[in-house]
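Visitor: Predicted model and sequence follow; I will ask about them next.
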Amino acid sequence: MGVIAKKGLTKGKANLEVADSLLARDWIAGLERGLAVIEAFDENHSRMTAQQVGDRCGLSRTAARRYLLTLQHLGYVSADAKHFWLTPRIMRLGQSYLSSARLPRLVQPVLQRVSASLQEVVYLAVLDAGEVVYVARNGPNRVMSSGFVLGARVPGHATSAGMLMLANLSPAQLEEWFATNSLPAYTPYTISNPEDLRKELKRIRQQGWSLSEQQFDLSFRGIAVPLKDLRGDLLGALSVLMPIQGEGADAVVKRIVPVLQEAAQSLRNLI
């Protein structure tokens, strides 16, 4: 009986990954393509023609248009005479994860306790397709970069949580990440040289926590520790994001890292 490899969709393109096989009879190609059409939209492609969507998804213009019209009928896409764009209804998909996923719900009370203790904004981040995704948050409301809102995706090399999780990948996984990800510089301080990043990841792996200053936003620093289960498998990262003000980096590390580590340890018995 035929089997096909599970596929991962990234920005509208399907890439084969090393994963469990799926029986061909259970594979719904139309669902895969529909998700690819949704993921084709991003910051740089917010309004597209059917042809442009098809080009990004590997579909013909006619096929892309049929998927877009179906999504429009369901309320996930809107259009004018030429272009298509996503509607706010698409956020229901991400909200379904935030509402139903076990890990963010279990972590939330601990984030609340840590935030109250530190008077800082605390996050739970996970690594998905090489990018950081923030899936839980607690703390005072601040003017934050759009990269730090729930559900936001940030390149793995540009934040403390991302570098922490990259540092905990196996050597093979890390090599695959380097092979498939670029290192754009968001500020003059972003580590965008592969060898420099490798050295930093090695240092983070040895010390067990990460500090990132002005890597993604000139106004902010981040500190992160790993969140692991009882078997030692990495589930995500607990991190604090704060404005860079009068407090020095050494003082911040001394104040925050032990609290985050204690919180991560307390969660190991729950997850």
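Guide: On my side now, so go ahead. Numbering: from 1, shown residues only.
Visitor: got a list of what residue 167 touches?
Guide: 201, 202, 204, 205, 210 (C-beta atoms under 8 Å, 6 or more residues apart in numbering). All C-beta spots, glycine's among them, are computed from the backbone N, C-alpha and C.
Visitor: Who are the packing partners of the top helix by length along the chain?
Guide: Longest helix of the chain, by residue count under DSSP state H: helix 249-267. The helices and strands touching helix 249-267, judged by 3 or more C-beta pairs under 8 Å, 6 or more residues apart in numbering; DSSP states H and E, are helix 102-118, strand 210-213, strand 220-228, strand 234-243.
Visitor: To residue 158, which of these lies closest?
Guide: Residue 158 lies closest, by C-beta to C-beta, to one member of those: strand 210-213, at 7.7 Å.
Visitor: could I get the closest one in CSV with only the CA atoms?
Guide: Listed next in CSV are the C-alpha coordinates belonging to strand 210-213 (Å, rounded to 0.1, in the frame of the first residue of the first chain):
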residue,chain,number,x,y,z
SER,A,210,20.8,33.1,27.0
LEU,A,211,20.9,36.9,27.0
SER,A,212,20.1,38.9,23.9
GLU,A,213,20.5,42.7,23.7
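Visitor: Run me through the strand neighbours of it, direction for each.
Guide: Using DSSP bridges, the strands paired with strand 210-213 in its sheet are strand 220-228 (antiparallel).
Visitor: Would you mind getting the angle between the strand it pairs with and helix 249-267?
Guide: 30 degrees (axes from the mean of the first three to the mean of the last three C-alpha atoms, to 10 degrees).
Visitor: mind checking how far strand 220-228 is from the chain centre?
Guide: Chain-centre distance of strand 220-228: 14 Å, with C-alpha atoms, centre = their mean, to the nearest Å.
Visitor: Next: stretch 220-230.
Guide: 14 Å.
Visitor: for stretch 158-172, same thing?
Guide: 12 Å.
Visitor: ditto for stretch 120-128
Guide: That offset, for stretch 120-128, works out to 9 Å (C-alpha atoms, centre = their mean).
Visitor: before we move on, what about stretch 75-94?
Guide: 22 Å.
Visitor: what's the span of that stretch, first residue to last?
Guide: Taking C-alpha to C-alpha, to the nearest Å, stretch 75-94 runs 15 Å from one end to the other.
Visitor: Identify the residues contacting that stretch?
Guide: Identification of contacts with stretch 75-94 by C-beta under 8 Å, 6+ apart yields 38, 41, 46-50, 53, 68, 71-72, 74, 151.
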